[in-house]
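**Q** Predicted model, plus sequence, below.
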Amino acid sequence: MTGFESFVGINPWTALFTFCNMLITFSVLKHFLFKPVKKMIDDRQQEIDTMYADADAAKQKAAALEKEYADHLQSIKDERDSMLREATARAQKREEEILNEAKNEAASIRAAAEADIAQERKKAVNDLKNEIGGMAVEIAGKVVEREINESDHQALIDEFIRNVGDAS
Amino acid sequence: MNGPKIYFTIPLFGGIDITQTTVSSFVVMVLLCVAAIVLGRDLQKRPGRRQVLVEKAVTMLYDMVESTMGKHNSYWTPYIGALFLSSMCGSFIGMTGIFRSATADLSTTVTWALMTSFLCWGCSIKRNGVGGWLKGFTEPIVVMTPMNLVSEIAQPISMAFRHFGNIAGGSVLTSLVYSALATVSAAVLGLVGKSFVVGILILVIGAALLYSGVKSKKMARKIFGVVFVATGALSLLGLTGVPYLEVGVPGILSLYFDIFSGGVQALVFSLLTMVYVGNACPPPQEA
């Protein structure tokens, strides 16, 4: 039978079909669209939250490590500085010691050398005296060709030498 | 104005009528289910363009439901979404010209409105028990009981008739305007006469007027020229059998009555459902 329904009216069969269609649409939409999409969004949100939390934790850890390293570095620097200071002080002390030692040694060497020189000089003067005396005797012997009394002779020479020494 | 056409009747249980509404509603269901399965398939953590759009739409629906019904009722979203989409597609399907709008049949809207009411009652009974639900009608005072009963009964009826009336009325108006425009275009055609010569003559006069108007910069001649050219062209169109007035104007009306009204009614219907069901399911701490 074909025809038209009334414009304003309710057909119970149509209502039933509509009801069933609505139920099917609802369950299909829920099962295939809303649930998976919502789950995906929630999963992603959770993942992002986790990632942010991880990143924050890593950042904090890195900051802590950085601080630790900075402290460590500072302590090393301090230690180095103190060591340097100590070493410098020690070196200065040692330098002074060495200098003093060297000065003392030099002074003692100088004193010894001066003493040596004085002795040598004395010796040289004596040698010279003797030689000049001998030479003078010889020359005088040759000149006068006569024997002079040894003791007079010696006195004469000494006097001469003294005069020479005084002159020089 | 007729109701939905009955295609045939299955001779079971005293005759099951298969009407235009039955078919439309079935087509809408199939469309929505296929769309849901296609769009909800193959979801990735890093979404493509399609998935972004789908997620945006789903999130919007969830936000809408949560802002209207509260966070604890967000599990209602699939039902509200199904209702909204069914209603909207049920209205839009009338625009195809093949199907009649499913929502232009009172059977459809009454069913949906009754579903909303039953959901409300179900929620109330689940929360307060049957006694608590019945007692709710006597609040705030016993004298209000008849009023409460009337409002409870009026609620689905008003929802159903609002939706039905908007869509059906829209289609009635559109067809009225359509037939009226057919009359008008026939009248315009009769005015010019059923002769090609007259039409061409008017067109030529109009073109000449327009040309001289543009040349001498006279506004009046330009306007007359445009009117003459339009009349001539339309009469020629009418002579060739093109129902020109029926082409453009109903399209604009249809824009309002089918698209705007269909969308708004779908929104209103789902919003009302959300509000009613949300009232029946208050937040857990208040229960």
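**A** Good, I have the coordinates.
**Q** number of nearby residues for B:Ile157?
**A** Residues lying near B:Ile157 (other C-beta atoms under 10 Å in any protein chain shown) number 13. To be clear about C-beta, it is placed using only N, CA and C from the backbone, and glycine gets the same treatment.
**Q** Okay, and it sits in which element?
**A** Applying DSSP states H and E as the criterion places B:Ile157 in helix B:145-192.
**Q** now that helix: mean pLDDT?
**A** The average pLDDT for helix B:145-192 rounds to 81.
**Q** wait, does the worst-scoring helix or strand of chain A on mean pLDDT contact chain B?
**A** Ranked by mean pLDDT, DSSP states H and E, the weakest helix or strand in chain A is strand A:3-4, scoring a mean of 72. Yes: Strand A:3-4 lies within reach of chain B by C-beta under 8 Å from any C-beta of the partner chain, at A:3-4.
**Q** and that strand, what other elements does it pack with?
**A** For strand A:3-4, the packing partners by 3 or more C-beta pairs under 8 Å, 6 or more residues apart in numbering or on different chains; DSSP states H and E come out as strand B:5-10.
**Q** where does chain A come near chain B, residue by residue?
**A** A:1-15, A:17-19, A:21-22, A:24-26, A:28-30, A:32-38, A:40-41, A:43-44, A:47.
**Q** Give the PyMOL command for selecting the buried subset of the residues you listed.
**A** Filtering the residues of chain A next to chain B down to the buried ones (16 or more other C-beta atoms under 10 Å in any protein chain shown) takes a single PyMOL command:
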select buried, chain A and resi 5+10+11+13+14+15+17+18+19+21+22+24+25+26+28+29+30+32+33+34+36+37+38+40+41+44
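**Q** Which stretches in the stretch 1-150 of chain B count as strands?
**A** Secondary structure of the stretch 1-150 of chain B by DSSP state E, counting those that start in this stretch: the strands cover B:5-10, B:16-19.
**Q** Deepest-packed of those strands, please.
**A** Compared across the strands of the stretch 1-150 of chain B, strand B:16-19 shows the largest average neighbour count, a mean of 20 (mean count of other C-beta atoms under 10 Å in any protein chain shown).
**Q** Let me see the mean pLDDT of that strand.
**A** Average pLDDT, strand B:16-19: 77.
**Q** can you give me how far it is from the chain middle?
**A** From the chain centre to the centre of strand B:16-19 is a distance of 23 Å (C-alpha atoms, centre = their mean, to the nearest Å).
**Q** got the contact list for it?
**A** Residues external to strand B:16-19 that are found in contact with it (C-beta atoms under 8 Å, 6 or more residues apart in numbering or on different chains): A:5, A:11, A:13-14, B:4-10, B:105.
**Q** before we move on, what about stretch B:88-95?
**A** Here stretch B:88-95 makes contact (C-beta under 8 Å, 6+ apart) with B:24-25, B:27-28, B:31-32, B:99-104, B:108, B:167, B:171, B:254, B:258-259, B:261-263, B:265-266.
**Q** Where does the residue nearest in space to the middle of chain A sit, in terms of helix or strand?
**A** Nearest residue to the geometric centre of chain A (C-alpha atoms, centre = their mean): A:Arg80, 6.7 Å. When secondary structure is defined by DSSP H and E, A:Arg80 falls within helix A:35-144.
**Q** Name all residues that make contact with the residue in the stretch 101-250 of chain B that chain A sits nearest to.
**A** Here the stretch 101-250 of chain B gets closest to chain A at one residue, B:Ser107, 3.8 Å apart by C-beta to the nearest C-beta. Shown in contact with B:Ser107 (C-beta under 8 Å, 6+ apart): A:9-12, A:14-15, A:18, B:21.
**Q** Nearest spatial neighbour of it, chain-adjacent residues omitted?
**A** Nearest non-adjacent residue to B:Ser107, counting by C-beta to C-beta, 6 or more residues apart in numbering or on different chains: A:Thr14, 3.8 Å away.
**Q** ok, that neighbour - contacts?
**A** Applying C-beta under 8 Å, 6+ apart, the residues contacting A:Thr14 are B:4, B:17, B:19, B:21-22, B:25, B:105, B:107-108.
**Q** okay, now residue 124: neighbour count?
**A** I'll assume chain A. By other C-beta under 10 Å, 10 other residues sit near A:Ala124.
**Q** I was thinking of chain B, sorry if that wasn't clear
**A** Neighbour number of B:Ser124 under other C-beta under 10 Å is 18.
**Q** One more: the one 10 residues further on?
**A** Burial of B:Leu134 is recorded as 13 neighbouring residues (other C-beta under 10 Å).
**Q** same question, the one 10 residues further on
**A** Burial measure for B:Met144: 13 neighbouring residues, criterion other C-beta under 10 Å.
**Q** Let me see the contact set for the residue nearest to it when sequence neighbours are not counted.
**A** Leaving out its chain neighbours, the residue that sits closest to B:Met144 by C-beta to C-beta, 6+ apart is B:Thr138, at 7.2 Å. By C-beta under 8 Å, 6+ apart, B:Thr138 lies in contact with B:144-145, B:148.
**Q** can you list those in JSON lines and add distance to B:Met60?
**A** Below are the contacts of B:Thr138 laid out as JSON lines (distance: C-beta to C-beta, whole Å):
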{"residue": "B:Met144", "distance to B:Met60": "38"}
{"residue": "B:Thr145", "distance to B:Met60": "40"}
{"residue": "B:Asn148", "distance to B:Met60": "35"}
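**Q** How about the contacts made by B:Asn166?
**A** By C-beta under 8 Å, 6+ apart, B:Asn166 lies in contact with B:261, B:264-265.
**Q** Tell me the one among those residues nearest to A:Ala115.
**A** Within these, the smallest distance to A:Ala115 is 130.8 Å, found for B:Val264 (C-beta to C-beta).
**Q** Could you list the low-pLDDT ranges of chain A?
**A** A:1-2, A:143, A:145-148, A:165-168 (pLDDT under 70).
**Q** rerun that using 80 as the cut-off
**A** By pLDDT under 80, the low-scoring segments of chain A are A:1-14, A:137-153, A:156-157, A:160-161, A:163-168.
**Q** which residues are contacting stretch A:152-165?
**A** Stretch A:152-165 has contacts (C-beta under 8 Å, 6+ apart) with A:125, A:129, A:132-133, A:136-137, A:140.
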